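Participant: below: sequence and its predicted model.
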Amino acid sequence: MTRRNEPLESLLGPLEQDVMEVMWRRGDATVRDVHGELAEARTIAYTTVMTTMTRLASKGLLQRDTAGLAHRYRPAVSREHYARSAVGDVLTWLLERYPEPAAAYLAEAVDEVDGVSLDALREAVARRRLQES
């Protein structure tokens, strides 16, 4: 994914997220396939799904195969890669603009996450500083 000035631009909207969840689960699908799944849970126009999938392809999140009659799509990035990239973009943006409150919040949040300790975070920071010097 490309870096953007505003990290929220790299985050998916609710419909984009739903489309990508279908694509990550299926691995390969047409607009009709995705529309069929989404239409089971809500009323949605085929053209809305088509526009959303085209937009996701232009963002580099889906790859489009135009060889057949119906365009087939597949994820260009894994769910894990997208999540890591989006979280990294947002955290980097926050830490650059609001370093003290962002770092304080992260320290508090890490303390509440199972399996992650402040000691582990300190060790990771120390390793990173050694790599940079």
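Facilitator: Perfect, thanks for sending it. Residues are numbered from 1 along each chain as shown.
Participant: tell me what the longest helix along the chain is packed against?
Facilitator: The longest helix of the chain (DSSP state H) is helix 79-97. Contact here means 3 or more Cβ pairs under 8 Å, 6 or more residues apart in numbering; DSSP states H and E; on that basis helix 79-97 packs against helix 14-26, helix 99-112. The C-beta positions use only the backbone N, C-alpha and C, and glycine is treated the same way.
Participant: possible to save those helices as a markdown table with mean neighbour count?
Facilitator: A markdown table is the format used below for the helices and strands packed on helix 79-97 (neighbours: other Cβ atoms under 10 Å):
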| stretch | mean neighbour count |
| --- | --- |
| helix 14-26 | 17 |
| helix 99-112 | 11 |
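Participant: mind putting these in TSV, mean pLDDT and distance to Ser133 included?
Facilitator: As requested, those are arranged in TSV below (pLDDT from 0 to 100; distance: least, Cβ to Cβ, whole Å):
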stretch	mean pLDDT	distance to Ser133
helix 14-26	96	39
helix 99-112	82	20
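Participant: mind putting those helices into TSV with distance to Ala57?
Facilitator: TSV is the format used below for the helices and strands packed on helix 79-97 (distance: least, Cβ to Cβ, whole Å):
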stretch	distance to Ala57
helix 14-26	11
helix 99-112	33
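Participant: which of those helices sits closest to Ser58?
Facilitator: Among those, helix 14-26 comes nearest to Ser58, with 11.6 Å by Cβ to Cβ.
Participant: which residues are in contact with that closest one?
Facilitator: If you take Cβ atoms under 8 Å, 6 or more residues apart in numbering as the criterion, helix 14-26 is touched by 12, 29, 33-34, 37-38, 44, 48-49, 52-53, 55-56, 61-62, 73-75, 78-79, 82.
Participant: the residues you listed in strands, which ones?
Facilitator: Ala29, Leu62, Tyr73, Arg74, Pro75 (DSSP state E).
Participant: could you chop the chain up by domain?
Facilitator: The record assigns the chain these domain ranges, following automatic domain parsing: 7-77, 80-132.
Participant: check what contacts stretch 122-133 and list those residues.
Facilitator: Outside stretch 122-133, not a single residue reaches it (Cβ under 8 Å, 6+ apart).
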